[in-house]
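# Please find the sequence and the predicted model below.
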Amino acid sequence: MTERTFFESSWRTPTQPDVGFWKCHSIPRVVFISESPLRYAKWTQLFCSDNRSKTCIEDAGMKATSKIAVFDTTLRDGEQAAGTRLGSRDKITLARQLARLKVDIIEAGFPASSPEDFDAVRKIAQEIEGPTICALSRAVAADIESCGKALAKAARPRIHTGIGVSDIHIMGKFRDERYGKTLEGKKAKLMALAVDAVKRARNCVGDVQFYAEDAGRAAPLYLFEMLEAVIDAGATVVNIPDTTGYTVPEQYGELIRGIRDNVPNIARATISVHCHDDLGLAVANSLAGIRNGARQVEGTINGIGERAGNAALEEIVMGIRTRADYYGLSTGVEPREFFRTSRMVADMLGMPVPANKAVVGSNAFAHSSGIHVDGFLKDRRTYEIMRPADVGFTGSRVVLTARTGRAGLRSRLEKLGYELSKQELDTMYQRFLAVADKKQEVLDEDLAALVHDELPPVEQNLKLEYLHSYSGTTAIPTATVRLLVNGKTKEGASIGDGPVDAVYKAIAKLTATHAKLLRYDIRAVTEGTEAMGEVTVHLEIGNRRVMGRGASTDIIEASAKAYVDGLNRLL
């Protein structure tokens, strides 16, 4: 830093370095000037000799707001993670939790993709209050009309439409000659399609977001022209996706800055960043975009999504919050809801949160090393830059046993984000007692597995009533199964290569189904020999694939429940 004396100081600008509008408390003082390392933002921080200070960002191309809008796409892009699927009930439950988290925008789904997704978006638009409800479409008239219908009852609807802009996408996805015979011809055609899509969307809603797919690999000049055209057509937000996670922070930041400098009408729209994690840089790229002028950030809870996933919203928000001294920005998110939201997403999608996951992992606030523990006990700040309570962790908890009672169970379920009716609570309590009798303590992870097992999101045409299996080193594995099939009891037995195989063959006989088992996974929900086991199966009949889940302290029973759950989704 340099020391200078000012009689009337101001925020410096490129043309008038020391002339401006802010007086240093109207009297001569010694003022220290700290220049920003940020390449593009013209700002200076003044530290007065009486310890008062002030910071300002001077940049005509950047919107004055320091608030970052948070766009959650867990229900749409997050659900595209391989092997996952959310039913309508699951989506509504998560949407309610996202509203509690106070995200600004919820991308509820892709209505044109299936009747179920249309229904889920419609229900979320009708029931969820607070956030803007957004629906995705391609630059296709039928898609946009579907979005308009699904969002008809939303208080704040938004349609998110767009098209590919990189040469790779243009020549790969639009190779048909109806889009043009040359690259330039195709670019002109796609420009027209993009403008038409935005105009059509504006006929349905007043808030239209345009995505320039694969912007991270696009030719900048074409991208700038495309953005100018769609803003003129009525786009209120322009989304700049690093669709394949190809860019690095410096490059992505330069891209956002280039948009601000080269798109003449950019002041009429908000720039949004949407980054994927193929190189592990999604969060870093998103923060670089924000730092260079983007004022909306997109991502998913736990960073779930296509391939390696999306930017993790909890990491972005806490990065902005924890380093407010560096970014000078804020969000309206309630971070104390992060832990609960993270666990609900993990449970409903069957994607456990890694222990070392930043912000919400079980080890995020755990200390083991002797040196670390010693420092932590003397002063928490030596090894923690965030308070556990700030993201929803708690140091105290109710220990759930068979003696806890309904009130204690209901309280813990509500803390985990599950709101059950009286009938659902009664069903859940009986199952809870059965597990509690076998375990010394029922943990939160056990409860999440039990909720999914006892309160499935689809109608239960099949229900497991009884199971007995027999196997041994020299015995032939045998299973006897009793099912309730559409209200009628059926019982049968079968043999197999092992107890699970025998159970699955018996169920297949009773249901007269021929589902193909594509994948079988089992994991311990908690630690110890008394742990709940959770089984996940992937089944296929024809062109339909589903995932089934089951949980029990008995892994054979958990396997049977998972298979039955999968069949219920198929039938």
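That came through, no problem. Numbering: from 1, shown residues only.

# Hmm, residue 521 and residue 536 touching each other?
Yes - here residue 536 reaches residue 521: they are 4.5 Å apart, a contact under C-beta atoms under 8 Å. Backbone N, C-alpha and C define where each C-beta goes, glycine included.

# More neighbours: which of these two?
residue 536 (20 against 14; other C-beta atoms under 10 Å).

# State the helix or strand in which the more buried one lies.
In the assignment (DSSP states H and E), residue 536 maps to strand 533-541.

# Just say helix, strand or coil for residue 205.
coil (DSSP: H, G, I helix; E, B strand; the rest coil).

# Quickly note the distance from it to residue 478.
Taking C-beta to C-beta, to the nearest Å as the criterion, residue 205 is separated from residue 478 by 60 Å.

# if you count what's nearby, which of these two comes out ahead?
residue 205 (21 against 17).

# That one touches residue 149, doesn't it?
No - contact criterion C-beta under 8 Å: residue 205 and residue 149 do not qualify, at 11.3 Å.

# Flag the shaky bits of the chain, pLDDT-wise.
Flagging of the chain using pLDDT under 70 yields the residue ranges 1-65, 367-374, 377, 394-399, 457-458.

# what's the longest helix in it?
helix 183-202 (DSSP state H).

# what's whichever helix or strand comes after that helix in contact with?
Moving toward the C-terminus from helix 183-202, the first helix or strand encountered (DSSP H and E) is strand 208-213. In this structure, residues lying in contact with strand 208-213 by C-beta atoms under 8 Å, 6 or more residues apart in numbering are 134, 158-166, 169, 194, 197-198, 201-202, 218, 223, 226-227, 230, 234-241, 243, 272, 274.

# what about burial for those, which qualify?
134, 158-166, 169, 194, 197-198, 201-202, 218, 223, 226-227, 230, 234-241, 243, 272, 274 (16 or more other C-beta atoms under 10 Å).

# now, which of those residues lie within helices?
169, 194, 197, 198, 201, 202, 223, 226, 227, 230.

# Can you tell me which of those residues lies closest to residue 251?
residue 223 (13.5 Å; C-beta to C-beta).

# which residues touch that closest one?
165, 212, 215, 259.

# The third one: neighbour count?
I take that to be residue 215. 29.

# The chain should start at 155 in everything you say after this.
Okay, using 155 as the starting number, the last item reads as residue 369.

# Which residue, other than its chain neighbours, is closest to it?
Leaving aside its sequence neighbours, residue 369 sits nearest to residue 394 (C-beta to C-beta, 6 or more residues apart in numbering; 4.6 Å).

# Make sure the one you found is actually in contact with residue 428.
Yes - here residue 394 lies in contact with residue 428, judged by C-beta under 8 Å, at a distance of 7.0 Å.

# which other helices and strands contact the longest helix of the chain?
For helix 337-356, the elements it packs on are helix 295-304, strand 311-318, helix 321-327, strand 362-367, helix 374-387, judged by 3 or more C-beta pairs under 8 Å, 6 or more residues apart in numbering; DSSP states H and E.

# Next, the angle from the last one to strand 362-367.
It stands for helix 374-387. Between helix 374-387 and strand 362-367, the angle comes out at 170 degrees (axes from the mean of the first three to the mean of the last three C-alpha atoms, to 10 degrees).

# Buried residues of helix 374-387, list them for me.
376, 377, 378, 379, 380, 381, 382, 383, 384, 385, 387.

# Which element, helix or strand, includes residue 675?
Using DSSP H and E, residue 675 sits within strand 670-678.

# Touching that strand from outside, list them.
237, 506, 654, 658, 685-695, 699, 709, 712-713.

# partner strands of it, parallel or antiparallel?
strand 687-695 (antiparallel) (DSSP bridges).

# Extract the C-alpha trace of the strand it pairs with and format it as PDB.
Extracted in PDB, the C-alpha atoms of strand 687-695 (Å, rounded to 0.1, in the frame of the first residue of the first chain):
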ATOM      1  CA  GLY A 687     -28.600 -52.000   4.900                       C
ATOM      2  CA  GLU A 688     -29.800 -50.200   1.900                       C
ATOM      3  CA  VAL A 689     -30.100 -52.000  -1.500                       C
ATOM      4  CA  THR A 690     -30.500 -50.200  -4.800                       C
ATOM      5  CA  VAL A 691     -31.500 -52.200  -7.900                       C
ATOM      6  CA  HIS A 692     -31.800 -51.000 -11.500                       C
ATOM      7  CA  LEU A 693     -34.400 -52.900 -13.500                       C
ATOM      8  CA  GLU A 694     -35.400 -52.900 -17.200                       C
ATOM      9  CA  ILE A 695     -38.400 -54.100 -19.100                       C
END
